[in-house]
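> here's my sequence, what's the structure:
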Amino acid sequence: MLSSDTKFRFIPFRRTDIVEMCLRDGNLGEAQNEFRQFAHMLAQIFHFEFHSVLEALKDSYADLDPDVDTRRVEIDTESEPQPFVDLLDGLLEKANYERISEAELNQALNESSLFKIRLHVDFTDFAEVSMFARGQSLRSETLPIWFGLRSRRIEFVNYDRVVLYLKIRDDYQTEVHEHSHCRAGATLLKLFRNVPRADLEMLFPNTSVRMRLMDKLFIGVPALVSGGIVLSTKLGASLILLGSLFGYWLGWHDRPTELNQARVMILLAGAAALVGYLWKQFNSFKNRKIRFMQALTQNLYFRNLDNNAGVFHRLVNDAEDEESKEALLAYYFLLGSPIPLARDELDRCIEVWFESNWDCHIDFEIEDALQKLCRLGLVEDSADGFTAVDTTHAIRLLDQRWDNYFVPEN
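All right, here's what the predicted structure looks like:
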């Protein structure tokens, strides 16, 4: 695998590993256990705060969920749930997903599929379409060509995670489309892993398999050759007899052609040969298309991670981890600095630390990290820069904040 030159916000390490990576530097001395406790408490704070995000998503998605198994109760409430799309966009932002733009999607649709399948998606079937990706890398893979006699190594852009949100048009008519599983007005939410950019179209529910030129030649050329053989051998006598009959009926010659038992058998044998030839070619086409569909289904089976409500449950967990990691890293580097650090200095320290120690290139979200730490009172902002409070004080502040979550409001 080759690393992409483009930096992304996603931090590709587990939160518990980030804690141990920081402690490995040896800058905290005897405060290592306190730092572990601080990291644990910080994660619990974010877990509690994201619980309200999860509940808001569940309420907003309740009327859209195609897998719902609870009854709907018509009760007027004082507040209307927030639009689901807005909540989802905010959650994906927190989880450090990047939106796949229309230009990127069009580029992906124009690229050749890695699975030697030509796919087509009719975007007019959808009222809304949004795609997000996280963890982009440049990969290489060896693919067989010329029926396995040779191989070719190709490089392609791969997305570690892809989220697809779409809504099918309200006027979608199932009876006039080949995709009967698509319902008018239905909302779908999907999460996939390890998706090549060139194969993004395979993630859509109305994807159709089309024949490539090579596939058409692979079927058409043998069909023409075998058709010529059938025409010259099995259909020759039948065609001569039919020509004589039509010539007499159309007045091209005056000599009548007698249809005896032998000639009728010749005509029936020719008709049987023609039907058998056409049936064989039809089966050849259908079998090849079925193989393509099987390849598409197998790829989707192993790449699908979650569906519908399960997707945002997983995304909430991802967002919690990303928020915790960002805040923890910013606090750790401010804690270990003997002088206050400006935003840009702190941002550069963290990114260089990842590059030099862990061979990882990221675009650290310094603004978001500092905003979280300031909100929690864990750093102090002055004219000289930002300074972290000591670990003992930070633990006390988080403990007080946790206790205040459960204080009844007057």
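
> low pLDDT regions in this protein?
For the chain, applying pLDDT under 70 flags the ranges 1-6, 77-79, 112-118, 140-152, 172-182, 209-275, 277-279, 281-297, 409-410.

> change it to 80
Where the chain drops to pLDDT under 80, the residues are 1-7, 72-81, 107-122, 138-156, 170-186, 198, 206-301, 407-410.

> which residues touch the closest residue to Tyr159 other than its chain neighbours?
In this structure, Tyr159 finds its nearest non-sequential neighbour in Ala133, 4.1 Å apart by CB to CB, 6 or more residues apart in numbering. Every C-beta, even on glycine, is put in place using the N, C-alpha and C of the backbone. By CB atoms under 8 Å, 6 or more residues apart in numbering, the contact set of Ala133 is 97-98, 100, 159-163, 195.

> cutoff 10 Å now
By CB atoms under 10 Å, 6 or more residues apart in numbering, the contact set of Ala133 is 8, 10, 97-100, 104, 157-163, 192, 195, 197, 200.

> so which of those belong to strands?
98-99, 157-163, 192, 195 (DSSP state E).

> now the buried members of the contacts of Ala133.
For the contacts of Ala133, a burial check counting by 16 or more other CB atoms under 10 Å picks out 8, 10, 97-98, 100, 104, 157-159, 161-163, 192, 195, 197, 200.

> of those, which is the nearest to Glu34?
For the buried ones among the contacts of Ala133, the residue nearest Glu34 by CB to CB is Phe10; the value is 28.5 Å.

> so how far is Asp318 from the closest one?
According to CB to CB, to the nearest Å, Phe10 stands 9 Å off from Asp318.

> what do those two both touch?
With CB under 10 Å, 6+ apart, Phe10 and Asp318 have common neighbours 95-97, 134, 161.

> redo those residues as TSV? Include distance to Asp63.
As requested, the shared contacts of Phe10 and Asp318 are arranged in TSV below (distance: CB to CB, whole Å):
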residue	distance to Asp63
Ala95	24
Asn96	29
Tyr97	24
Arg134	28
Arg161	27
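
> now for these, which pair is the farthest apart?
Asn96 and Arg161 (10.1 Å).

> which neighbours do those two have in common?
10, 134-135, 318.

> among those, which lie within helices?
Counting by DSSP state H, the shared contacts of Asn96 and Arg161 place Asp318 in helices.

> tell me which two in the shared contacts of Asn96 and Arg161 are the farthest apart.
Using CB to CB, the shared contacts of Asn96 and Arg161 reach their maximum pairwise distance at Gly135 and Asp318, which is 10.9 Å.

> quick one: common contacting residues for the two?
Going by CB under 10 Å, 6+ apart, residues that sit against Gly135 and also against Asp318 are 10, 96-97, 161.

> just the strands from the stretch 101-250 of the chain, written as ranges.
Assigned by DSSP state E, counting those that start in this stretch, the stretch 101-250 of the chain shows strands spanning 118-120, 126-145, 150-168, 187-196, 208-210.
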